[in-house]
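*Asks:* generate coordinates for the sequence data below:
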Amino acid sequence: MKKSEYYEEKLKRERATVVDELGRIGVKNDEKGSDEWAPTSTEADISEADPNEVADKLEIYEENNALVQQLEKRLMEIDAALGKIKNGTFGLCEIDKKPIEEDRLEANPAARTCKKHIES
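*Replies:* Numbers count the residues shown, from 1 in each chain. Presented below is the predicted three-dimensional model:
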């Protein structure tokens, strides 16, 4: 198996996990062509609900919103890496176009830069 095939499989597995997790805490925007997700709504009748229950639901919503944003970002990174595999640029640093270290790719196959440019 070529290295790119190995990383492609690894990225596809991670993508499936991320999409599954997004589906548990969010819903995909129904607009045509949209890749955006939103946290699952907390249905609460604020006028008649116990204030503690409303506070709990709002806290869960806020936590889910933060998680959705993180997972959406990771999904975009994974999709970008899969695109690089297709166009032949996978594993090259976006700054100096040199190969990204194997241990870095193993830890994060969606890495965009080598260790030297990690902060860029």
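*Asks:* okay, now the unreliable bits of this structure?
*Replies:* For the chain, the stretches with pLDDT under 70 are 1, 31-34, 41-49.
*Asks:* state the distance from the residue lying closest to Leu92 once chain neighbours are set aside to Glu59.
*Replies:* Counting by Cβ to Cβ, 6 or more residues apart in numbering, the nearest residue to Leu92 once its immediate chain neighbours are dropped is Pro99, at 6.3 Å. (Each C-beta comes from the backbone N, C-alpha and C, glycine too.) Separation of Pro99 from Glu59 (Cβ to Cβ, to the nearest Å) stands at 45 Å.
*Asks:* for Lys86, same thing?
*Replies:* Distance, Lys86 to Glu59, by Cβ to Cβ: 41 Å.
*Asks:* which stretches of the chain form helices?
*Replies:* Here the chain has its helices, by DSSP state H, at 3-25, 51-87, 102-107.
*Asks:* residue nearest the middle of this structure, spatially speaking?
*Replies:* The residue lying closest to the centre of the chain (Cα atoms, centre = their mean) is Arg74, at 2.1 Å.
*Asks:* residue contacts, it?
*Replies:* Counting by Cβ atoms under 8 Å, 6 or more residues apart in numbering, Arg74 makes contact with 14, 18, 110.
*Asks:* the same query, at a cut-off of 10 Å, please.
*Replies:* Residues in contact with Arg74 (Cβ atoms under 10 Å, 6 or more residues apart in numbering) are 14-15, 17-18, 21-22, 110.
*Asks:* among these, the buried ones, what's the ChimeraX command?
*Replies:* Selection of the buried residues among the contacts of Arg74 in ChimeraX, burial being defined by 16 or more other Cβ atoms under 10 Å:
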select :14,15,18,21,22,110
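*Asks:* okay then, goodbye and thanks.
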